[in-house]
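Asker: fold the following.
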Amino acid sequence: MEIEMTFGLDSLKQVFSEDNGTLSSMRLLSTLIVVIVLGNWTWFNITNNTIAGFDVQDIGLVLGALGIKGWQKRSET
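Answerer: Numbers count the residues shown, from 1 in each chain. All right, here's what the predicted structure looks like:
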């Protein structure tokens with residue numbers, strides 16, 4: 001059995017699309033927030049050669065974005 005793994009623009013479009021095929025701005029923004037916060041944290045730790053903890057506002061931003069997306073998805077069903 002062979003499993004073909006493809007990762008391209010079609011796969012990304014499918015990930016960020018709703019069930020009806022339209023792009024979801026909420027999914028895009030939630031992902032963007034998580035990537036920016038984790039990217040900044042990673043960059044800071046690499047440049048300073050340390051492992052810093054997350055600030056409360058960073059945790060709140062990430063959990064808030066994911067929580068709002070979860071609430072939106074639950075309220076749609």
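
Asker: make it CA atoms for all contacts and neighbour counts henceforth
Answerer: Noted.

Asker: can you list the weak-confidence ranges in this structure?
Answerer: Where the chain drops to pLDDT under 70, the residues are 1-8, 77.

Asker: what strand or helix carries the most centrally placed residue in it?
Answerer: Closest residue to the average C-alpha location of the chain: Thr31 at 2.5 Å, with Cα atoms, centre = their mean. Here Thr31 sits within helix 25-48, counting by DSSP states H and E.

Asker: list the buried residues in the helix or strand just after that helix.
Answerer: Note on helix 25-48: by DSSP H and E, the next helix or strand toward the C-terminus is helix 56-76. If you call a residue buried by 16 or more other Cα atoms under 10 Å, then helix 56-76 has these buried ones: 58, 61-62, 65-66, 69.

Asker: and helix 56-76, what does it pack onto?
Answerer: helix 25-48 (3 or more Cα pairs under 8 Å, 6 or more residues apart in numbering; DSSP states H and E).

Asker: residues in contact with the helix it packs on: which ones?
Answerer: Contacts to helix 25-48, defined as Cα atoms under 8 Å, 6 or more residues apart in numbering, come from residues 16, 51-52, 54, 58, 61-62, 65-66, 69.

Asker: list of residues touching stretch 68-77?
Answerer: 26-27, 30.

Asker: how far out from the middle of the chain is it?
Answerer: In terms of Cα atoms, centre = their mean, to the nearest Å, the centre of stretch 68-77 is found 16 Å from the chain centre.

Asker: stretch 59-73 too?
Answerer: Put simply, stretch 59-73 sits 10 Å off its chain's centre (Cα atoms, centre = their mean).

Asker: also stretch 41-60?
Answerer: Counting by Cα atoms, centre = their mean, stretch 41-60 comes out at 17 Å from the chain centroid.

Asker: just the terminal-to-terminal distance for it.
Answerer: One end of stretch 41-60 to the other measures 14 Å (Cα to Cα, to the nearest Å).

Asker: cool, stretch 46-62 as well?
Answerer: One end of stretch 46-62 to the other measures 21 Å (Cα to Cα).

Asker: okay, the contacts of helix 25-48 in a markdown table with distance to Thr42 next?
Answerer: Output for the contacts of helix 25-48, formatted as a markdown table (distance: Cα to Cα, whole Å):
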| residue | distance to Thr42 |
| --- | --- |
| Phe16 | 24 |
| Ile51 | 9 |
| Ala52 | 9 |
| Phe54 | 11 |
| Asp58 | 13 |
| Leu61 | 16 |
| Val62 | 15 |
| Ala65 | 19 |
| Leu66 | 20 |
| Lys69 | 24 |
